[in-house]
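Participant: For reference, the sequence and a predicted model appear below.
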Amino acid sequence: MVSLACFGFLFTAAAFAGEAGALPQAKLAATDYDFGEVRLGQTVSHDFLVTNLGKGVLKVERAELSLPNMALRAKAIEPGSEGRITLELKTEGTIGLIEAQALILFNDPLLPKAVLTLRGRVRAPIEFRPFGEVFFAAFKDEPVEKVLTVVNNEEKPNAVKQIQSEGGHFLAALKTVEPGKVYAVTVRMVPGTSVGRYEETLAIEMSSPPGRVLKVPVHLLVKPDLYAAPDAADFGEVSLEQIRRSTGILEFLKQVILVTSRRDRFSILSTTCDLPAVTLRQTPSSGPSKTFRIEVSLNPNRLEPGPLRGFILVKTSDPDLPEIKIPIQGDIR
C-alpha cells in the first residue's frame, strides 16, 4: 500500500518497483470529483476507481500533490481486479473555490500518468459578500454607498451585535436581514472628507463567541472634481533596438491621459514635462473645456537606456486644483 502526503511544496515519493514480464493496463472510471460546498475545517475524501485490464500488477510508482494539505493512498491492483486511489484534502486555511490535483505515475506504459482533481467550494463560518474588503471610490461629497453582506454559514444563530468605524472617514449602518443569519452593512463617506486615499477598518462584533470582533479593511479613494485618468503614464519596458528597426512601434507606445472636470469648464494654462525624451500634445490646445486630451509620446532621438522616471505638470484655471502632477515611468533597454 502507498500512502503519500504533501506539506509545503509538491511532494514526490517512491512507491513500488516495477515487475518484469506481463504488463498492467490502467483504466480510470473518472479523474474529476466535485465535492460541492463544505465548511471550513472539514476533510474531503474521495475514492477514484481504477481497473487493471492487463496481465501484470498495476502500481502507483510516484505521486505529486498540488497543495500542502493533501494526502493520497493507493494499493497495488492484481490483473483483472478493481482498486481505488484515495485522495484527501483538509480544508483548514482554505476559503472559497478550490481545485486540488494529484499527478499519478503508473507502471503502465500505455497510461504512464494521470491527473486526479478534487474541486469545490469551502465556506467560512462567517462570510462577507461580495468580498472580505470594502473598496470605495467617489468624488468629494458624492452620495455613493457600498453594501457589505455578513452571512452566518453555521446552523447555530450568530448575530452581529454592533459595528464600528475605525478611522473616521466613513460611516457604517447595520440592518438585520435574517436574525442570526444575514446582516447588511451600508458604508458611506463622511461628508466633507478631503481628497485623498484612506486605509481604514470596519470592526464587526459577533455574539458568538462572546467578544469576537471581525476586522474588515475599508479602502477609500476620494477623487477631486478635476482629475486625470489614468493618473499615471506607464510605458513599461521599451526596447531601443526594436524602435530603431521600426519607428511605428512608438505609435503603439503612446499614452493618452484625459484631464476632466465633472463640474464646470476650465482652462489648462500650461502642460510641461521634466523628461527630455517625452513629448506632449494637448487637445484642445487652448480655451475652456470640460475635458482635455494629452498625448504622451516618446522621442526616439532622445531616448537613452535606463529607467524613465518623471512627471507631467498640468497647471489649470481651477482655484480648487490649480495643478495636477502626473507620474511617468518606464524602463528603456
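Facilitator: Perfect, thanks for sending it. Here the structure is a predicted model, which means the values were calculated and not measured.

Participant: Arg129 versus Leu148, what's the distance?
Facilitator: Computed with Cβ to Cβ, to the nearest Å, the distance linking Leu148 and Arg129 is 8 Å. All C-beta atoms are positioned from the backbone trio N, CA, C, and that covers glycine.

Participant: Of those two, which one has the most company?
Facilitator: Leu148 (22 against 12; other Cβ atoms under 10 Å).

Participant: Tell me what the more buried one is bridged to.
Facilitator: Val185 (DSSP bridges).

Participant: That one: what's it in contact with?
Facilitator: Phe128, Arg129, Val134, Ala184, Val185, Val187, Leu202, Val216 (Cβ atoms under 8 Å, 6 or more residues apart in numbering).

Participant: what does Val222 give?
Facilitator: Ala138, Phe139, Lys140, His169, Met189, Thr193, Ser194, Val195, Gly196, Arg197, Tyr198 are the contacts of Val222 under Cβ under 8 Å, 6+ apart.

Participant: most neighbours, which of those?
Facilitator: Met189 (24 neighbours).

Participant: Now stretch 271-278: buried residues?
Facilitator: Thr271, Cys273, Leu275, Ala277, Val278 (16 or more other Cβ atoms under 10 Å).

Participant: same question, stretch 213-230
Facilitator: Val216, Val218, Leu220, Val222, Lys223, Pro224, Asp225, Leu226, Tyr227, Ala228.

Participant: just checking, what packs against the helix or strand containing Phe135?
Facilitator: Assigned by DSSP states H and E, Phe135 belongs to strand 134-139. With contacts defined as 3 or more Cβ pairs under 8 Å, 6 or more residues apart in numbering; DSSP states H and E, the packing partners of strand 134-139 are strand 145-152, strand 182-189, strand 213-223.

Participant: Which strands border that strand, and is each parallel or antiparallel?
Facilitator: In the sheet, strand 134-139 lines up with strand 213-223 (parallel) (DSSP bridges).

Participant: Okay, now the unreliable bits of the protein?
Facilitator: 1-21 (pLDDT under 70).

Participant: can you give me the helices for it?
Facilitator: 240-245, 249-253 (DSSP state H).

Participant: Where do the domain boundaries of the chain fall?
Facilitator: What the record gives for the chain is the domain set 2-123, 126-223, 226-332, from automatic domain parsing.

Participant: Mean neighbour count, those domains: which tops it?
Facilitator: domain 2-123 (a mean of 17; mean count of other Cβ atoms under 10 Å).

Participant: Pull the distance from that one to the chain's centre.
Facilitator: Distance, stretch centre to chain centre, for domain 2-123: 29 Å (Cα atoms, centre = their mean, to the nearest Å).

Participant: mind starting the numbering at 42 from now?
Facilitator: From this message on, residue numbering opens at 42, which makes the last subject domain 43-164.

Participant: Give me the contacts around stretch 216-226.
Facilitator: So stretch 216-226 is contacted by 188-193, 198-201, 204, 213-215, 227, 243, 245 (Cβ under 8 Å, 6+ apart).

Participant: and if we set it to 7 Å?
Facilitator: Residues from elsewhere that reach stretch 216-226 (Cβ atoms under 7 Å, 6 or more residues apart in numbering): 188-193, 198-201, 204, 213, 215, 243.

Participant: As JSON lines, those with distance to Arg80 would be great.
Facilitator: Below are those laid out as JSON lines (distance: Cβ to Cβ, whole Å):
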{"residue": "Val188", "distance to Arg80": "25"}
{"residue": "Leu189", "distance to Arg80": "21"}
{"residue": "Thr190", "distance to Arg80": "19"}
{"residue": "Val191", "distance to Arg80": "17"}
{"residue": "Val192", "distance to Arg80": "13"}
{"residue": "Asn193", "distance to Arg80": "12"}
{"residue": "Pro198", "distance to Arg80": "16"}
{"residue": "Asn199", "distance to Arg80": "13"}
{"residue": "Ala200", "distance to Arg80": "19"}
{"residue": "Val201", "distance to Arg80": "20"}
{"residue": "Ile204", "distance to Arg80": "25"}
{"residue": "Ala213", "distance to Arg80": "28"}
{"residue": "Leu215", "distance to Arg80": "25"}
{"residue": "Leu243", "distance to Arg80": "24"}
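
Participant: partner residues bridging Leu243?
Facilitator: Beta-bridge partners, per DSSP bridges, of Leu243: Ser206, Val257.

Participant: Quick check, it in contact with Ser206.
Facilitator: Yes - judged on Cβ atoms under 7 Å, Leu243 makes contact with Ser206 at a distance of 6.4 Å.

Participant: okay, and the common contacts of those two?
Facilitator: Ala213.

Participant: Pick out the residue nearest the middle of the chain.
Facilitator: Phe172 (11.1 Å; Cα atoms, centre = their mean).

Participant: Contacts only, for that residue.
Facilitator: No contacts exist for Phe172 under Cβ under 7 Å, 6+ apart.

Participant: The one 10 residues further on too?
Facilitator: Listed by Cβ under 7 Å, 6+ apart, the contact set of Asp182 reads Pro232, Gly233.

Participant: got the phi/psi numbers for it?
Facilitator: phi 70, psi 20 (degrees, to the nearest 10).

Participant: Please report how far it lies from Thr301.
Facilitator: Taking Cβ to Cβ, one finds Asp182 at 17 Å from Thr301.
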